[in-house]
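# Let's see this in three dimensions:
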Amino acid sequence: MKATKYRIKPTEEQQQKLAVQFGCARFVYNDALAKKQATYKGDKTNLSRYDLQAMLPAMKSDEKTIWLKDAHSQVLQSALLNLDNAFKNFFAKRAKFPNFKKKHGKQSFQYPQGVKIEGNTIQLPKVGRVKIVLHREVIGKIKTVTISKDSVGKYYASVLMDDDSVTPDPLKHIESSVGLDMGIHDFVTTSDGEKVANLRFLKRGLKNLKRKQQSLSRKKKGSNSSAKAKLLVAKVHKRVADARNDFQHKLSHTLANENQVVCVEDLNIKGMTANRKLARHIQDLGWNSFTTKLGYKLADRAGTLVKIGRFYPSSKTCSFCGYKLEALPLNIRSWTCQDCGSHHDRDVNAAINIQQQGILKLKAEGFTASASGGKRNSRPVSGLVAAVEAGSPRL
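Below is the predicted model of the structure:
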């Protein structure tokens, strides 16, 4: 199953109906979270999703919450399902403890069924036919549809579709591979010596963001002018996020098309952001979201994303003879091996070591490699950069 996010353009009347769905779904989610917390603190028992769903009919009959009838019943049930999944992720240590949803900012709710797409419209229960921008063909059976509103007031429909296709198994014989060393000066350095510069999206928009935030701070809280200024700040943040997202999609698409195996480090991003001088730069890079995009693009092409241990000394180990330096400060960008005399670019050497360790890890899992060791033919450095930067949005 694959999800595609489409832009939808509701009328003012439809926006009001969507606001009802957003509000009801948010209320049910927050109310259920409060009940679960209160019950556990009281008698140490847990309210299941089915216990909470059984309370919905009484809530719809209560005079205080009778307005919940205006929402689609399955929207309310989906809100409880999402809360249940949030707790499962928390207990599996994949996420933090669930928070209460806020009235302002991003909003969303989900339809588990009953949605149809016909022509350039999407039929939403309790809302009606809404205009949709179908930039990609709808293929397969619609499973669920998540309607969302972002911080700048734009509406989207994320459509999960089942096209009956099967994700291919990873190819066991490695014909082409590449290692990636991710850094701050250069976003990515490959084992072929190619470097993709860090475009520093947040830094490029920082002056504009500072000006908008200063304007917001001078506005009276709760006023119309404050709301307008807050919207301008949100637009700057969205422009930065969209530019970063576009860059990562293009780069991951290029790497996934050209390589069967991509090897990266399992970086401790949380620990790295503890450095106050580098925290903003590291968060601006978005390494985690980039590797996520790269992973599913490779999986669709029968490729493999390999993560090597974060404690492997890739930068200070000679990729030719294996000699290891005792220390290699960040300000030293190249070094010469004292054992074999090889001269290394710090980042390229690290990328080669990451590739070699990734191939060894796959071989231990039963993969085989070609005579070249799974290394792809090198090409000019400008090739990858041009493929990524072409058409990138400006800030």
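# CA only for contacts and neighbour counts going forward, please
Noted.
# Just to be sure, residue 307 is in a strand?
Yes. Assessed with DSSP: H, G, I helix; E, B strand; the rest coil, residue 307 lies in a strand.
# Could you export stretch 109-129 as PDB, CA atoms only?
What follows is stretch 109-129 as a C-alpha-only set of coordinates in PDB (Å, rounded to 0.1, in the frame of the first residue of the first chain):
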ATOM      1  CA  PHE A 109      -8.700  13.600  11.000                       C
ATOM      2  CA  GLN A 110      -9.200  10.300   9.200                       C
ATOM      3  CA  TYR A 111     -11.800   8.500   7.100                       C
ATOM      4  CA  PRO A 112     -11.400   4.700   7.200                       C
ATOM      5  CA  GLN A 113     -13.900   4.300   4.300                       C
ATOM      6  CA  GLY A 114     -16.700   6.000   2.400                       C
ATOM      7  CA  VAL A 115     -14.400   8.300   0.300                       C
ATOM      8  CA  LYS A 116     -14.600   8.400  -3.500                       C
ATOM      9  CA  ILE A 117     -12.500  10.200  -6.100                       C
ATOM     10  CA  GLU A 118     -14.300  11.000  -9.300                       C
ATOM     11  CA  GLY A 119     -12.900  13.300 -11.900                       C
ATOM     12  CA  ASN A 120     -11.300  16.300 -10.200                       C
ATOM     13  CA  THR A 121     -13.400  16.000  -7.000                       C
ATOM     14  CA  ILE A 122     -13.200  13.900  -3.800                       C
ATOM     15  CA  GLN A 123     -16.400  12.900  -2.000                       C
ATOM     16  CA  LEU A 124     -15.900  13.300   1.800                       C
ATOM     17  CA  PRO A 125     -18.700  12.100   4.100                       C
ATOM     18  CA  LYS A 126     -20.400  15.000   6.000                       C
ATOM     19  CA  VAL A 127     -18.600  17.500   3.800                       C
ATOM     20  CA  GLY A 128     -19.500  16.900   0.200                       C
ATOM     21  CA  ARG A 129     -17.600  17.000  -3.100                       C
END
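# which residues touch it?
Residues from elsewhere that reach stretch 109-129 (Cα atoms under 8 Å, 6 or more residues apart in numbering): 14, 17-18, 21-22, 25, 70-72, 74-75, 78-79, 130-134, 142-148.
# Could you tell me which of these count as buried?
Listed as buried from the contacts of stretch 109-129 are 14, 17-18, 21-22, 25, 71-72, 74-75, 78-79, 130-132, 134, 142-148; burial here means 16 or more other Cα atoms under 10 Å.
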